[in-house]
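[1] here is my input; please provide its structure:
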Amino acid sequence: MANFGGHAIPGTFFLLYGLWLTVKHTLRHNWRKNQPKGRHKIPPVFNRMDYFEGGLTIFAAFVGIMVEQFVVDGPHAHLYDQGNHTWVKLMNWQHSTMYLFFGISGSACVLTTASSSVPVGVDRLALSLALFVEGFLFYYHVHHRPALDAHIHTLLLVAVFGGSGSSMLEVFVRDHIILELFRACLLVLQGSWFYQIGFVLYPLSGPEWDLTLHDNIMFVTMCFCWHFAMAMLTVAVTSFLVGIMSKRCAEKGRNIEIGMRTTSSNSNSQKALLDESDEE
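    This next block holds a predicted model:
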């Protein structure tokens, strides 16, 4: 949608998606570190997290498509107007296509988790293709637009294609925490930048931006670097806090297990003494 809400919806999706991946991959990394060598069986909780992620991605993609198609001024599933011989709301159709591929990515995530016959890495491949299609659409989305409008969307492509390349690399390099957190960081950056695009092109209050002023282009470029720094800081802090919490939970679980073993051992010793006493 050509309004602030049309940028806030995908922005919220990518922000939450990036934070979710940060939490999930940090937990899995901490679990892998604490496992003895040769153990590869994934606990059911991680499978449930993958099901949740895939299902939520499919749902969000479906909602995005419905909003783009059936909003008041949307195309309502009409691509071509036979009467006027014109295309109908191609911008909404482009956004719908973007959501479609993220729905495919969510489906791949669910299938990879549910069936061992699906090759490992298909989920990452599908996500990489979804991000590539998003960047491909946006590249041709801004032609013949004012300079600032075209530039602010072009900066978005840095995060989009970077995330696509990182996800493709994960197809071949699995369970690499740096790549996983880098992908999450680029998704957070993408989400915050969608909001920035909305504020620049469709300000909620105050004067409108001059879309031809070169100083505004310089500021927006610098602002993108600030968003990148904040995305890295957000992912780092979130990963650090999740690591501390998972470590404390693991230590608490071990203490409980040790306490139960100690209690069981004392009970067995007492039973043995009673048996010896009865025999005497």
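[2] all helices of the chain, in order?
    Remark: helices assigned in the chain by DSSP state H are 4-33, 44-70, 90-114, 122-139, 147-172, 177-201, 214-279.
[3] let me have those helices in TSV, extended by distance to A77 and mean pLDDT.
    C-beta: built from backbone N, CA, C; applies to glycine. Shown next, in TSV, are the helices of the chain (distance: least, C-beta to C-beta, whole Å; pLDDT from 0 to 100):
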stretch	distance to A77	mean pLDDT
helix 4-33	18	89
helix 44-70	6	91
helix 90-114	9	92
helix 122-139	19	94
helix 147-172	26	94
helix 177-201	25	94
helix 214-279	35	76
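[4] could you dump these to TSV with distance to H78 and mean neighbour count?
    Below are these laid out as TSV (distance: least, C-beta to C-beta, whole Å; neighbours: other C-beta atoms under 10 Å):
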stretch	distance to H78	mean neighbour count
helix 4-33	19	19
helix 44-70	9	16
helix 90-114	10	20
helix 122-139	19	21
helix 147-172	26	19
helix 177-201	26	22
helix 214-279	35	12
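[5] select, out of those, the one closest to L79.
    With C-beta to C-beta as the criterion, L79 lies closest to helix 90-114 of these, at 6.5 Å.
[6] work out the gap between stretch 139-159 and the centre of the chain.
    From the chain centre to the centre of stretch 139-159 is a distance of 22 Å (C-alpha atoms, centre = their mean, to the nearest Å).
[7] what of stretch 215-225?
    25 Å.
[8] what sits up against stretch 57-68?
    Contacts with stretch 57-68, where a contact means C-beta atoms under 8 Å, 6 or more residues apart in numbering, come from 1, 6, 9-10, 13, 17, 74, 92-93, 95-96, 98-100, 102-103, 105-107, 109-110.
[9] swap in 7 Å and give it another go.
    Applying C-beta atoms under 7 Å, 6 or more residues apart in numbering, the contact partners of stretch 57-68 are 1, 9, 13, 74, 92, 95-96, 99-100, 102-103, 105-107, 109.
[10] equivalent analysis for stretch 186-199, please.
    Counting by C-beta under 7 Å, 6+ apart, the neighbours of stretch 186-199 from elsewhere in the structure are 4, 7-8, 10-12, 14-15, 17-19, 21, 152-153, 155-156, 159-160, 162-163, 166, 223-224, 227-228, 230-231, 234-235.
[11] great, nothing more from me.
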